[in-house]
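Participant: Provided below are the primary sequence and the corresponding predicted coordinates.
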Amino acid sequence: MAKRKSTATRRAESEAARSRAAAIRAEQERKERRRRTAVVSAVVVVVLALVLGIGYAVQSRRDTSTAAGTPPTGAVGYAVPAGPDSAPVKVAVYEDFLCPFCGQFEAASRDALEKQVEAGKVQLQYHVLSFLDGSTSTEYSSRAANALAVVLDTSGPEVAKKFHDLLFENQPAEGSAGLSDAKLVSLAVQAGAEASAVQKGIDDRTFAQWVKNVNDQASKDGVNSTPTVKIDGTVVKFTTTDELVSKVEKAVAAG
């Protein structure tokens, strides 16, 4: 026969049960607070990511052009042209004067492309980028691109094309200090420019802002490596420089 519990015992057991229940409720409340905090934190992270993403998108689409970013006379948008505007085929070449693969492409494709340019079938549009500025202490890519813009502005597209070719023929090694401003002026003169016409613009980097804008626009257009070639707006896909040259020559000849 079971013994009856005393009033004191029952009271103690009841108190203990209430204590356990309170502890369980407290733990549940702590878990719920942690869950709510985690949810709120996740929402904040998502919202912050959206805000930053929108800000980046807006910034990436903002035209950085200013009065100092005025393009050189003779530019076609953000490109230096070679050949008539009436040419039925437009070949856009995105290159960096310090990029060794660009130098290889230029050397291998120049003769074939120049024949098409002279025949009036092709207009080359050089988008000169400065992706490799960080590989040199002198910002050679930007300086060379600015020098080409100066020559185009002061001496016209034919002299600019010769200067462009000379820059690749005298291309410095990637990561080197590049050519000096004095050497850039000398090559410009060799191409047919007057020293007095290009000296100040090269020394002062007159088209520095425009050069930055060329870079910005190329990035907006999805160009993230050099050389990149577009024929009538379509990117030529390749794995080797020889393949790029072959595809460009075939496409141009067919056009």
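Facilitator: Thanks, I have it. Numbers count the residues shown, from 1 in each chain.

Participant: all helices of the stretch 151-255 of the chain, in order?
Facilitator: 157-169, 181-191, 195-204, 208-220, 241-254 (DSSP state H, counting those that start in this stretch).

Participant: Pull out the buried positions in stretch 218-229.
Facilitator: By neighbour count on 16 or more other CB atoms under 10 Å, the buried set for stretch 218-229 is 218, 221, 223, 226-229. No exception for glycine: its C-beta is placed from N, CA and C like everyone else's.

Participant: now stretch 161-171
Facilitator: Of the residues in stretch 161-171, those buried under the neighbour-count criterion (16+ other CB under 10 Å) are 161-168, 171.

Participant: to the chain's geometric centre, what's the distance from stretch 91-107?
Facilitator: Offset of stretch 91-107 from its chain centre (CA atoms, centre = their mean, to the nearest Å): 15 Å.

Participant: Compare the helices of the stretch 151-255 of the chain and give me the one nearest residue 111.
Facilitator: For those, proximity to residue 111 was assessed by CB to CB; helix 241-254 is nearest, at 9.7 Å.

Participant: which other helices and strands contact the closest one?
Facilitator: With contacts defined as 3 or more CB pairs under 8 Å, 6 or more residues apart in numbering; DSSP states H and E, the secondary structure elements packing on helix 241-254 are strand 89-96, helix 100-118, strand 228-231.

Participant: With distance to residue 129 as extra columns, can I get the ones you listed in a markdown table?
Facilitator: Putting the helices and strands packed on helix 241-254 into a markdown table (distance: least, CB to CB, whole Å) gives the following:
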| stretch | distance to residue 129 |
| --- | --- |
| strand 89-96 | 5 |
| helix 100-118 | 9 |
| strand 228-231 | 9 |
